[in-house]
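1. predicted model, plus sequence, below.
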Amino acid sequence: MNPRSQSVLIFIIAFLLFIDSSYTAKDVNIVKRIIPQLLKVKKVGEHKMILEVEWDGTGIKNNEKVITKLHGCTPDGNLSFRRYKKKHKFSDRNTTYELAVHKKKVSVQCLLEFTGDLQTNVTFGFRT
Ligand SMILES: *[C@@H]1O[C@H](CO)[C@@H](O)[C@H](O)[C@H]1NC(C)=O
Ligand SMILES: *[C@@H]1O[C@H](CO)[C@@H](O)[C@H](O)[C@H]1NC(C)=O
Ligand SMILES: *[C@@H]1O[C@H](CO)[C@@H](O)[C@H](O)[C@H]1NC(C)=O
């Protein structure tokens with residue numbers, strides 16, 4: 001190998017190392033965070049409502065698990081729902097809960113939790 005092609009080779013290796021290290025530095029700087037978006041509550045029947053939760057996030061891969069847990073609403077007893085825990089992939093971007101309304105025209109406050117690695121809580125209110 002002559003000195004010229006050797007220096008080209010060194011340059012290429014140095015360049016590859018540079019790309020490699022700049023990539024790692026960037027990865028470390030990304031804060032992994034789930035960002036709850038819209039919470040929509042729709043009346044879909046006389047005693048039925050649908051809660052729709054959307055999410056966005058930073059530094060989260062599409063196939064990572066997103067688990068939501070609806071803790072319930074206060075005052076107690078005016079609403080119920082069957083499955084309180086929902087498992088999704090981040091790329092699903094939303095989930096829904098079916099709510100059975102036992103008493104109408106009541107203002108309620110509910111707590112939704114994002115569990116696992118992507119912890120965050122959301123409280124929201126609406127009228128049944
Ligand atoms: C429903 O909400 C009301 C407040 O509007 C509260 O007084 C009541 O205890 C709640 N539960 C039931 C089962 O009605
Ligand atoms: C909600 O999820 C469904 C199915 O997973 C998808 O088709 C729809 O586009 C999503 N809606 C929003 C607003 O992201
Ligand atoms: C969210 O709420 C639940 C239930 O009250 C609690 O156990 C959890 O620590 C809360 N998480 C955060 C991040 O505040």
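-> Yep, it's here. Numbering: from 1, shown residues only. Ligands and ions are numbered 1, 2, ... in the order given.

2. of all the residues in the chain, which one is nearest ligand 3?
-> Closest to ligand 3 within the chain is N121: 3.8 Å, counting by CB to the nearest ligand atom. C-beta here means a position set from N, CA and C on the backbone, and glycine is covered the same way.

3. any idea of the pLDDT on that residue?
-> N121 is assigned 95 on the pLDDT scale.

4. can you name the residues bridging to it?
-> E113 (DSSP bridges).

5. that one and E113 touch, don't they?
-> Yes. Using CB atoms under 8 Å, N121 is in contact with E113, at 5.2 Å.

6. flag every buried residue along the longest strand anywhere in the chain.
-> Secondary structure assigned by DSSP state E gives strand 33-45 as the longest strand of the chain. Residues of strand 33-45 classed as buried by neighbour count (16 or more other CB atoms under 10 Å): 34, 36, 39, 41.

7. tell me where this protein has helices.
-> Applying DSSP state H to the chain gives helices spanning 3-29.

8. contact residues of it facing ligand 2?
-> 54, 92-94 (CB under 6 Å from any ligand atom).

9. if we use 5 Å, what do you get?
-> Residues of the chain lying close to ligand 2 (CB under 5 Å from any ligand atom) are 92-94.

10. ok, so of the buried residues of strand 33-45, who is nearest ligand 1?
-> Taking CB to the nearest ligand atom as the measure, ligand 1 lies nearest V41 of those, at 16.4 Å.

11. which of the residues of the chain next to ligand 2 fall within strands?
-> If you go by DSSP E, the residues of the chain next to ligand 2 have N94 in strands.

12. can I get the residues of the chain next to ligand 2 in CSV with pLDDT, neighbour count and distance to ligand 3?
-> Listed next are those as CSV, based on pLDDT from 0 to 100; neighbours: other CB atoms under 10 Å; distance: CB to the nearest ligand atom, whole Å:
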residue, pLDDT, neighbour count, distance to ligand 3
D92, 97, 13, 21
R93, 97, 15, 21
N94, 97, 14, 20
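
13. in JSON lines: the residues of the chain next to ligand 2, plus distance to K105.
-> Shown next, in JSON lines, are the residues of the chain next to ligand 2 (distance: CB to CB, whole Å):
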{"residue": "D92", "distance to K105": "33"}
{"residue": "R93", "distance to K105": "32"}
{"residue": "N94", "distance to K105": "27"}
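
14. this completes my enquiry, with thanks.
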